[in-house]
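> Okay, here's the prediction I keep looking at, along with the sequence it came from:
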Amino acid sequence: MTARAHVHGPEELCEAGLELYTRALREGHVPARDADALPCLVDAGLLQSDLEATDRLCPVAPAVALPRLLRFVDEDIAHRRRQGVRLAETFEPLLALSAPQTDPADVSGIRMLSGLDRINVAISEAMANVSGEVLTIQPHNLGDPGAGVAALARDQDLLDRGGRIRALYQHTQRHRLVITARYEQLRGDVEARTLDEVTERLLVIDRQVAFIPANKDRTLALEVRHPTLVDFLATAFDRLWSLATPMHPRAVRPPTLNGVTPRQRAIARLLVEGHTDAVIADRLGMNVRTARVHIAKLAAALGSESRAQLGYLIAESGILKQEQEQEQEEA
């Protein structure tokens, strides 16, 4: 095998390269000529020149080499994401140019928006003359829950035109002062409720257009105008809304069943499903430490002495069945 024919990325490790690197780790060094056909080992920083003998190569410790290789992967992922953003920005005007007479609500009815400024402009334009209802879901990773003065003014303009706002938050946001203050400033028909688990961010305007995030950091969003898709998203919101606990304008405290709080019941459901502490924390919008505190309190309330016993006691206690029966009665 020649060096010219041996071509692959620095983050990859071919079988021949792995064998030579393993040998170098066992023996402490290898002849430099043995790596002539495997330039990937030197390029990736797995082998380096021996200061005591120029005709030998010494292995770099795996604990040092691995982070270097992982950095190559991270940089490639970041590069691909930047490429995706640039492609979206490049094709947006081209898509509009290719169908100048096409109504936004026909064909696919979906438009990609890139950049927070462009997303906010599109939302403002969609809400400009609306006097109907706005539905919104705000998960625990709010970033800026206050949404700024401009967004507050935009919401108030809607309410002044006789519109209505219904907002659904993760239950962990229930006592955040910044959210409470926001709704205290709004005048009109506005309601907010909370759920233990909600979907990703959602905005449905007058059941005509919806906005959903297209990546984790919310720099990309989809503007959806397809009637069937918008109706589906609005219906999903209505289902979640019926299960949620009122927070504004009148807060309702969920009842405690047999000394077990609503938060502990939510954790109990996820424990029974077999989820780890990290997954439970993420789904309920809290850090792992807080989740473990609640798990410990739940264990104490049920008299559990181990994680395995806790699952059994949850099933035996009937707290999840009682909660379902209560929800059915309220419905």
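Alright, I've got the coordinates. Numbering: from 1, shown residues only.

> What residues sit buried inside the strand or helix carrying Ala150?
In this assignment (DSSP states H and E), Ala150 forms part of helix 148-160. Under the neighbour-count criterion of 16 or more other Cβ atoms under 10 Å, helix 148-160 has Ala151, Arg154, Asp155, Gln156, Asp157, Leu158, Leu159 buried. For the C-beta atoms, the positions are set from N, CA and C on the backbone; glycine is no exception.

> Give me the distance between the closest residue to the first one other than its chain neighbours and Ala153.
This points to Ala151. Nearest non-adjacent residue to Ala151, counting by Cβ to Cβ, 6 or more residues apart in numbering: Asn120, 7.7 Å away. Counting by Cβ to Cβ, to the nearest Å, the gap from Asn120 to Ala153 is 12 Å.

> One more: Ala37?
In terms of Cβ to Cβ, Ala37 sits 67 Å off from Ala153.

> Let me see the ranges of the helices in the chain.
Ranges of helices within the chain are 15-27, 39-43, 62-98, 116-127, 148-160, 177-185, 227-243, 262-272, 277-284, 288-302, 307-317, 319-330, based on DSSP state H.

> picking that back up, in JSON lines: the buried residues of helix 148-160, plus pLDDT.
Below are those laid out as JSON lines (pLDDT from 0 to 100):
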{"residue": "Ala151", "pLDDT": "77"}
{"residue": "Arg154", "pLDDT": "86"}
{"residue": "Asp155", "pLDDT": "86"}
{"residue": "Gln156", "pLDDT": "86"}
{"residue": "Asp157", "pLDDT": "88"}
{"residue": "Leu158", "pLDDT": "87"}
{"residue": "Leu159", "pLDDT": "87"}
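
> The helix holding Ala150: how far from the chain's middle?
26 Å (Cα atoms, centre = their mean, to the nearest Å).

> Give me the contacts around it.
With contacts defined as Cβ atoms under 8 Å, 6 or more residues apart in numbering, helix 148-160 is touched by 120, 123-124, 127, 130-131, 134, 146, 165, 182, 185-190.

> In PDB, please show the C-alpha coordinates belonging to that helix.
What follows is helix 148-160, C-alpha atoms only, in PDB (Å, rounded to 0.1, in the frame of the first residue of the first chain):
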ATOM      1  CA  GLY A 148     -38.500  41.400  24.800                       C
ATOM      2  CA  VAL A 149     -40.400  44.600  24.700                       C
ATOM      3  CA  ALA A 150     -41.200  44.200  20.900                       C
ATOM      4  CA  ALA A 151     -42.800  40.800  21.500                       C
ATOM      5  CA  LEU A 152     -44.800  42.200  24.500                       C
ATOM      6  CA  ALA A 153     -46.100  45.100  22.400                       C
ATOM      7  CA  ARG A 154     -47.000  42.700  19.500                       C
ATOM      8  CA  ASP A 155     -49.000  40.500  21.900                       C
ATOM      9  CA  GLN A 156     -50.800  43.500  23.400                       C
ATOM     10  CA  ASP A 157     -51.700  44.800  19.900                       C
ATOM     11  CA  LEU A 158     -53.300  41.400  19.200                       C
ATOM     12  CA  LEU A 159     -55.300  41.600  22.500                       C
ATOM     13  CA  ASP A 160     -56.400  45.200  21.800                       C
END
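
> Check the gap between the residue nearest to Ala151 and Phe211 for me.
10 Å.

> what's the answer for Ala128, then?
Separation of Ala128 from Phe211 (Cβ to Cβ): 14 Å.

> any low-confidence regions in the stretch 1-150 of the chain?
Residue ranges of the stretch 1-150 of the chain with pLDDT under 70: 1-11, 96-108, 140-149.

> Same question for the stretch 151-300 of the chain.
Where the stretch 151-300 of the chain drops to pLDDT under 70, the residues are 173-180, 251-259.

> count of residues packed around Leu51?
8 (other Cβ atoms under 10 Å).

> Looking at Asn120 and Phe211, which has the bigger crowd around it?
More neighbours surround Phe211 than the other of Asn120 and Phe211, with 21 against 17 (other Cβ under 10 Å).

> Once you drop chain neighbours, what's closest to the more buried one?
Leu203 (4.4 Å).

> got a list of what that neighbour touches?
Listed by Cβ under 8 Å, 6+ apart, the contact set of Leu203 reads Ile123, Val134, Leu135, Thr136, Ile137, Ala210, Phe211, Ile212.

> State the distance from the nearest residue to Asp196 once chain neighbours are set aside to Pro39.
Spatial nearest neighbour of Asp196, chain neighbours left out: Ala266 (3.8 Å); criterion: Cβ to Cβ, 6+ apart. With distances taken as Cβ to Cβ, Ala266 is found 55 Å from Pro39.

> In terms of packing, which of those two has more residues around it?
Taking other Cβ under 10 Å, Ala266 and Pro39 do not tie; Ala266 has more neighbours (21 against 17).

> What is the burial count for Asp74?
11.

> actually Val134, sorry about that
23.
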